[in-house]
Each structure stands twice: as C-alpha cells, then as structure tokens.
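quick one, structure for this:
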Amino acid sequence: MRFLYSACIVSYLLNDWRGVDIERATEYILMCTRYDGGITQEPMQESHGGSYFCALASLALMNKLDALEDRRMTLEWGLRRQVGGFQGRVNKPADVCYSFWVGSGIEILGGHQFVDLEEAARFVLECQHAIGGLGKFKGSLPGMKTR
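From the prediction side, this is the model:
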C-alpha cells in the first residue's frame, strides 16, 4: 500500500497518471478493505493504521473515495483506534506516529469532528522529552528502539 501511495503522490504532483492504472489501483485498495472497516497492506492481512492512511490518501488523490463500499465503517475503524492517542492496530497501545496516520485518514474521510482533540494532544504532549523530540509512547526516548 505504501508503494501505491508513493506512486499516487508522485503522479498527482506531476499531474501525470500514465504510470498508475487508476481502476486496478482502486480495485486493489478495495480488496484490502476488511470486514472491520480497516485496510491492510495486502489482501487478507490485519487492518493497520499505516495502510489506512496510504489507501485513503491514494483514493483521494485518484478522486476515487466514492469507491469505498462502506465509508462509514471505514471511518468508524479509525475512530475506534483512539484510546487517548491512536493505536495502529486493534489491541495495541497508542503510538505517537498513528496520531498522524490514523488521524489523517479520519480527516480524509471528513470525520475530524468526531476525534477527541484534547485527548489526542494530551497523549502527544506526554510523549515529548526534555532532550527534544517525541518518543513512540509515554516513557520512550526519541530515536530509541522500543519493544
């Protein structure tokens, strides 16, 4: 999904879609849309926040958001990922990066008014460090690998 998004953003910026088969790309994204409303990297995998953004942004860039079979369910998947901050997958802890990935997907779908912005901001600010930057989650240091 990341590579498709990369191709779409380059095509959009260059205003040249000859390198992207928009119909097949849209079909692929729809094949990656899951029963829970989330979107996967490849068909039949687990819904993931990064794929959610890349797929929705690709559809928006290709002017194909209306192809989503259940836009409301897809929006709800993103909204259900807010647990203070946003989780990238079901039953995982909130992670700063998904404040962007999932939050941006929600924005693309026009659902920003349903996000608890105070909670999201509180989570991100709790992940700031005196040495600078943001950690993955509260208590992690920026740039350090965490489990």
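
show me where pLDDT drops low in this structure?
Residues of the chain that meet the criterion pLDDT under 70 lie in 137, 139-147.

all the helices of it, in order from the start?
Read by DSSP state H, the chain holds these helices, from start to end of the chain: 2-14, 22-31, 49-61, 71-80, 96-108, 117-126.

pretty sure residue 96 is touching residue 125, no?
No: using CB atoms under 8 Å, residue 96 is not in contact with residue 125, being 10.1 Å away. Heads up, the C-betas are built off the backbone N, CA and C, glycines and all.

who's more crowded, the two?
Counting neighbours by other CB atoms under 10 Å for residue 96 and for residue 125 shows that residue 96 has the greater number, 21 against 10.

looking at the helices of the chain, which is buried most?
Among the helices of the chain, helix 49-61 has the highest mean neighbour count (mean count of other CB atoms under 10 Å), at a mean of 25.

okay, the closest residue to residue 116 other than its chain neighbours and residue 42: tell me how far apart.
In space, and not counting its chain neighbours, residue 116 is closest to residue 82: 6.3 Å by CB to CB, 6 or more residues apart in numbering. The gap separating residue 82 from residue 42 is 25 Å, by CB to CB, to the nearest Å.
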